[in-house]
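In: sequence unknown, structure follows:
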């Protein structure tokens, strides 16, 4: 990155974020205690299990079509998919699995968790012959963003031996990459049928503000520090996501807080059953449930929004 800036001069934040994250995800498994962050599926099996149950329920209410595909976008280690599919299989639904992932490191982990899964480089590469049951957990936040200050796009420049932004002030963010992904997904659902659950951290209403952040070693870090060696993300603008999906002809639910949604899906009952089956893990199970649901943990910051085709029902809890 430093060589690029020395040769070419300042680059947009969008280009900087895209290049950094492409390298970051291609060269490591960033998850877990030895990585930089932990996602909900890695906290507890309950997360993926409840998603699997919600997908079975909406599939049944849609008439239980014989041909349907499970799709996950940005599936991490494949943990969520494995947990969701276990529940789906027990309910008599065993769809082919398609994973949108470009990282060779993560692809290997995903195939270990979900043998036989088919990988794709982009949403546009997904098959177009059956309804889709889609999950995207912490995918949209990692797509590159643009920032404008007073109507001028923000750039990253080299100052001495360090990086800095070329301007400061009130920031307005947008993400053409996020819009493109949501539009492609929504168009596919309208054409084929199906539903997508988008789970991410962000805000319900569009508003100005700088939400770019970096995480390294499970702690926040300066966003321009160590390019390509830390996770760069931004908060998802769910109002904008909904607008893009509607423009493509899809139906959209109002965003719900993750904690409230999981409670409505029955996470407390599931936690009790797990604790009864393994009394020695009762404290661990309750701590995981609280982390996923409490407002001061992941419960309020993370939102859930569903996009579905006009002829499919909305998923439970939304």
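Out: Yep, it's here. This one's a predicted model, so the numbers in the text were calculated from it and none came from an experiment.

In: and residue 225, how many neighbours does it have?
Out: By other CB atoms under 10 Å, the residues close to residue 225 number 12. Heads up, the C-betas are built off the backbone N, CA and C, glycines and all.

In: which residues touch it?
Out: 163, 214, 216 (CB atoms under 8 Å, 6 or more residues apart in numbering).

In: with secondary structure and neighbour count as extra columns, can I get these in TSV?
Out: What follows is the contacts of residue 225, written out as TSV (DSSP: H, G, I helix; E, B strand; the rest coil; neighbours: other CB atoms under 10 Å):
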residue	secondary structure	neighbour count
163	strand	20
214	strand	21
216	strand	18
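
In: which one of these is nearest residue 83?
Out: Taking CB to CB as the measure, residue 216 is the one of those closest to residue 83, at 27.2 Å.

In: distance of the residue nearest to that closest one when sequence neighbours are not counted from residue 172?
Out: Distance criterion CB to CB, 6 or more residues apart in numbering; nearest residue to residue 216, sequence neighbours excluded, is residue 230 at 3.8 Å. Per CB to CB, to the nearest Å, residue 230 is found 24 Å from residue 172.

In: who's more crowded, those two?
Out: residue 230 (23 against 17).

In: contacting residues for the more buried one?
Out: Counting by CB under 8 Å, 6+ apart, residue 230 has contacts 24, 36, 214, 215, 216, 221.

In: thought residue 237 was touching residue 200?
Out: No: contact criterion CB atoms under 8 Å: residue 237 and residue 200 do not qualify, at 10.3 Å.

In: pLDDT value on the residue nearest to the spatial centre of the chain, please?
Out: The centroid of the chain falls nearest to residue 138 when counting by CA atoms, centre = their mean (2.3 Å). On the pLDDT scale, residue 138 is placed at 97.

In: list the residues that contact it.
Out: With CB under 8 Å, 6+ apart, residue 138 has these contacts: 39, 40, 74, 76, 199, 200, 201.

In: got those as TSV, with distance to residue 247, secondary structure and pLDDT columns?
Out: Formatted as TSV, these follow (distance: CB to CB, whole Å; DSSP: H, G, I helix; E, B strand; the rest coil; pLDDT from 0 to 100):
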residue	distance to residue 247	secondary structure	pLDDT
39	29	coil	96
40	29	helix	97
74	23	coil	97
76	29	coil	96
199	22	strand	98
200	20	strand	98
201	24	strand	96
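
In: reformat the contacts of residue 225 as TSV; add pLDDT and distance to residue 305.
Out: What follows is the contacts of residue 225, written out as TSV (pLDDT from 0 to 100; distance: CB to CB, whole Å):
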residue	pLDDT	distance to residue 305
163	96	33
214	96	25
216	94	28
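
In: hmm, residue 261 and residue 317 touching each other?
Out: Yes: between residue 317 and residue 261 a contact is recorded at 4.7 Å, counting by CB under 8 Å.

In: what residues are shared contacts of these two?
Out: residue 304.

In: the two: which has the busier surroundings?
Out: Set residue 317 next to residue 261 and count neighbours by other CB under 10 Å: residue 261 wins out with 26 against 19.

In: doesn't the more buried one fall inside a helix?
Out: Yes: counting by DSSP: H, G, I helix; E, B strand; the rest coil, residue 261 is part of a helix.

In: these two touch, right, it and residue 318?
Out: Yes: counting by CB under 8 Å, residue 318 is a contact partner of residue 261 at 6.8 Å.
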